[in-house]
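> Sequence isn't available, so here's the structure alone:
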């Protein structure tokens, strides 16, 4: 249930985010990646690094299936897998330069988003940037989506 003070802006936000996500996913699908692979790449991108178990939780698949998914991403040079220095049995995942470029290209090739931004004047773009900075700062108080539940930290 949406709280009353969010209702007026909800429809516009839903429209904008829906189109941005659709365009991003369309671009990413053109690369031949599956939805779970795209989700894994996005998670690694936002986390900076993670473990295969995080990918298993995120994609709701077995650890073996997550390992296979990660292996395909490693073979495509999108993800780098290294040993955790504290526990050699644990593997740390990071995006490769190619994986990082793929995600960034997906954002910047989003014609809908770029057209919207181009239609704004400098003051409007600054207001939007300020709003996203506020949202990003507020988002730091929440856990990763891999646990399936949004929690307040601290």
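Perfect, I can see it now. As the structure is a computational prediction, the values presented were derived from the model and not from experiment.
> wait, what's in contact with residue 114?
Contacts for residue 114 (CB atoms under 8 Å, 6 or more residues apart in numbering) come out as residue 108. Backbone N, C-alpha and C define where each C-beta goes, glycine included.
> Helices of this protein, start to end?
Assigned by DSSP state H, the chain shows helices spanning 7-30, 35-47, 52-59, 63-75, 97-108, 111-119, 122-139.
> Check the offset of the fourth one from the chain's centre.
This means helix 63-75. 18 Å (CA atoms, centre = their mean, to the nearest Å).
> which one of the helices of the chain lies closest to residue 91?
helix 52-59 (5.6 Å; CB to CB).
> what residues go with each domain of the chain?
Per automatic domain parsing, the structural domains of the chain span 17-109, 111-140.
> which of those sits most buried?
Of those, the one with the most neighbours on average (mean count of other CB atoms under 10 Å) is domain 17-109, at a mean of 16.
> can you tell me the distance between the two ends of that domain?
15 Å (CA to CA, to the nearest Å).
> and if you look at stretch 78-89?
22 Å.
> Same check on stretch 68-84?
Distance across stretch 68-84, first residue to last, is 19 Å (CA to CA).
> Out of the domains of the chain, which is closest to residue 10?
That would be domain 17-109 among these, by CB to CB, at 10.4 Å.
> tell me the mean pLDDT over the closest one?
In this model, domain 17-109 has a mean pLDDT of 92.
> Now find how far off-centre that domain is within its chain.
9 Å.
> From the centroid of this protein, which residue is nearest?
The structure's the chain has its C-alpha centroid closest to residue 42; by CA atoms, centre = their mean the separation is 3.3 Å.
> For that one, which non-adjacent residue is spatially closest?
Among residues not flanking residue 42 along the chain, residue 103 sits closest, at 6.9 Å (CB to CB, 6 or more residues apart in numbering).
> Isn't the one you found up against residue 95?
Yes: contact status for residue 103 versus residue 95: in contact at 7.1 Å, counting by CB atoms under 8 Å.
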